[in-house]
Structure formats: C-alpha cells, structure tokens
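Q: what's the 3D shape of this:
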Amino acid sequence: MSLGKLIGVSLGPGDADLITRRAWAQLQRSEALWTYPVRSLKTESYALAIAQRSGVAVPEDAQHLLFPMTHDVEKLSRAWLRAATQVLPVLQSGRDVLFLVEGDASTYATFGHLERTVRGLDAAVQVEIIPGITSFHASCARLQIPFSEQDDTVAIVPAAYGVEMVERMLDDFDTLVLMKVKPLIDELIDLLERRDLLDKSCFVEKAGAPEERVLRGPELLSLRGTKVNYLSLLLVKNDQRLRGERVKGCKKKVSP
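A: A predicted model of the protein is given here:
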C-alpha cells in the first residue's frame, strides 16, 4: 500500500477570501484527514477558524495537534513527536493528511516541525506545501503602502531577537517587519519614539480577520501597558534609509 501524503494547507492570515484556489480544493477532499494546530487544549485553532469562515464544513473526524507556546526545547520536541506519531499511522494507511496553517506554511509556521519529525520517523512519507498569503503582505495591502520598491532592503524578524538587535537593523533596512511583538511591545514603542520613527510605523493584529486591529503612527502609544495578540506585527518604513522619492508610508490614511 502506498503512503498517504502530508500536505501543509496555507489559508492566509485571516480573511477567508484570501484562501487560494489550490488550498480551497484541498478543503473539499472528503477522503483526507484534517488536522490543525492548537496552543493548548483550552484554546481554539486560528487556522481552523479561517476554514470555518469560508463556509466549508469541518469533517467530523478532524483532529487537533497540540503545539504548546513555550521556548523549552525538550517540551517542544515532545510535542512535535506526539503530533507526528498521531498522524503517521494515518499516512501509513494510505490516507492523505491535511495540516491547516494560518498565513503561509513555510513562514514561521508549525508545519515545518511536523514535517521534519514525520520524515524522521518514516523517510518515505511524501510532503506537499501549498503556499499562502502572509500576514505582512496582507497588512501592506490593507494599509495601502508598498512592502518594497526597486532596490529597497527588507528584513522580516521575530521581535524576540530583542530591542538591541531591532535597533541595529533599523539602520540597515528600508522596511522592517517585526513578527510576534507581544512580549516586547512597550520596549519597541519606546524605541520607535526615540528614533523618531513612530510616524513611519504601523501595528496590525490578526490581519484580515473580523477582529482585525490596525494602528498607525502616534496611535501606537495607546498600546503601552496593554496585552496584544500573539498574531500581531509591527511594520516600520525607515525613511532615513529610503532612496529617491520620499515614501510617506503609514502617514497615509485609508478608509475603513
């Protein structure tokens, strides 16, 4: 019997209309097993919520895979192994397994951990990754600003690298995307204010989702002392680095 295929189904950042035709076709397959990540047994899956907003019926046998929010390597390794051993028998029975992912499955996603662990257990398993729209590309479209132009330099980094690293990168890149800003939001706002870049910065939370939140420039000051969602980013357009015509970036207002 041939093995089933492990398929990373990218669903985009939150707007069900941004699901690609290829991903949508996978969601119509009744013979494949749906799996989706959860951070804990008490939380809902954001990826699954995107699929549900599309109107597709969730199969009764869909399974969650637990990927805890921790930096503990041992705990993470155990979670990856547990998830892999959960789906491997299904793959070995010849059935395809769909793993639903918000955003893009190859960009800061849990799918890579699952894929590597499954292949470590059975190297014969085939894998397919369906690309999707990232949160930072969707955010730029929402804000009506270019992600990059001509010879602009771009960096996409988790804010967890620290404020000192972020400050060094501000000197080297025209566009800086800071992912997962939740733990350092106050420090990052202080940095942007000190570097006179607050007017060139935007905050986007749950891009494209019904509960999307967008703040621009001085509006970011309202985030101090608050808790932001894990699915949040900061977009900084450093006009001190831009060449040629001045880009106004986040100063430009858009209609709701």
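Q: Is it correct that Leu11 is in contact with Trp24?
A: No: taking C-beta atoms under 8 Å as the contact criterion, Leu11 and Trp24 are not neighbours in contact, 9.3 Å apart. C-beta here means a position set from N, CA and C on the backbone, and glycine is covered the same way.
Q: domain parsing for the chain?
A: Residue ranges for each domain of the chain read 5-130, 135-251, as given by automatic domain parsing.
Q: Lowest average confidence across helices and strands of this structure, where is it?
A: Lowest mean confidence among the helices and strands of the chain (mean pLDDT, DSSP states H and E): helix 163-170, at a mean of 91.
Q: Would you mind extracting the C-alpha trace of that one into CSV?
A: What follows is the C-alpha trace of helix 163-170 in CSV, where atoms were taken according to Å, rounded to 0.1, in the frame of the first residue of the first chain:
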residue,chain,number,x,y,z
VAL,A,163,15.3,45.5,21.1
GLU,A,164,19.1,46.0,20.7
MET,A,165,19.0,43.8,17.6
VAL,A,166,16.0,45.6,16.2
GLU,A,167,17.7,48.9,16.6
ARG,A,168,20.7,47.8,14.7
MET,A,169,18.5,46.5,11.9
LEU,A,170,16.7,49.9,11.7
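Q: List the contacts of that helix.
A: Defining contact as C-beta atoms under 8 Å, 6 or more residues apart in numbering, one finds that helix 163-170 is touched by 155, 157, 159, 176, 178, 184, 187-188, 191, 195, 197, 236, 238.
Q: Out of the residues you listed, name the ones that lie in strands.
A: Among those, the members found in strands (DSSP state E) are Ala155, Val157, Leu176, Leu178, Val236.
Q: residue contacts, the residue nearest to the last one when sequence neighbours are not counted?
A: Residue nearest to Val236 in three dimensions, not counting chain neighbours: Leu176, with 4.3 Å by C-beta to C-beta, 6 or more residues apart in numbering. In this structure, Leu176 makes contact with Val154, Ala155, Val157, Val166, Met169, Leu170, Leu235, Val236, Asn238, judged by C-beta under 8 Å, 6+ apart.
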